[in-house]
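Enquirer: Return a 3D structure for these sequence lines:
(3 chains)
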Amino acid sequence: MGGEPTPFAERVLDLVASVPAGRVTTYGDVAELLGEGGPRAVGGVMARWGGGVTWWRVIRADGTPPLHKAGDAERRLRREGVRFVDGRVDLAATRWDGRPG
DNA sequence: AGTATGACGGTTA
DNA sequence: CTAACCGCCATAC
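Expert: Numbering: from 1, shown residues only, chains lettered A, B, ... in the order given. Coordinates of the predicted model:
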């Protein structure tokens, strides 16, 4: 298959892995926090190598979980204490600020 | 080097 | 609410 993650991909995966439980981030936020790439580039990385990290904490900008495994993601997030409103995550309250710790 | 693709984002109709 | 369109950027081939 694809092979090993590119340097960019490793940065994406590392950032995703640092999102604390009970918090979420978006594809666009990951790109902004890294200062490189874009939402689609991040999505591409998650599609190839995201299975090895806490992929369910990376959701869309509108608060909906990843489409391919929305049910699985919502179940995991709820167990972490993430509040859902009308099928969407309350980003205003749950969005990770990128701050370590 | 150029085309196609995607776990996206935002705007417009 | 849905649908379509364009911009975006790393990858695959």
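
Enquirer: And for stretch A:10-21, what's in contact with it?
Expert: Outside of stretch A:10-21, the residues within contact range by CB atoms under 8 Å, 6 or more residues apart in numbering are A:5, A:25, A:30, A:33-34, A:36-37, A:42, A:45-46, A:49-50, A:52-55, A:57-58, A:80-81, A:96, A:100. Where C-beta positions appear, they are placed from N, C-alpha and C, glycine not excepted.

Enquirer: so which of those also contact DNA strand B?
Expert: Among the contacts of stretch A:10-21, proximity to DNA strand B is found for A:42, A:46, A:50, A:55, A:58 (CB under 7 Å from any atom of the strand).

Enquirer: Of the contacts of stretch A:10-21, which belong to helices?
Expert: A:30, A:33-34, A:42, A:45-46, A:49 (DSSP state H).

Enquirer: which of those are close to DNA strand C?
Expert: Applying CB under 7 Å from any atom of the strand to the ones in helices among the contacts of stretch A:10-21, those adjacent to DNA strand C are A:Val45.

Enquirer: Determine which two of the ones in helices among the contacts of stretch A:10-21 are furthest apart.
Expert: Greatest spatial distance among the ones in helices among the contacts of stretch A:10-21 (CB to CB): A:Leu33 and A:Trp49, at 17.9 Å.

Enquirer: Those two: which is more packed in?
Expert: Between A:Leu33 and A:Trp49, A:Trp49 has the larger neighbour count (other CB atoms under 10 Å), namely 19 against 16.

Enquirer: The more buried one contacts A:Phe8, doesn't it?
Expert: No: at 10.9 Å, A:Trp49 does not count as touching A:Phe8 under the criterion of CB atoms under 8 Å.
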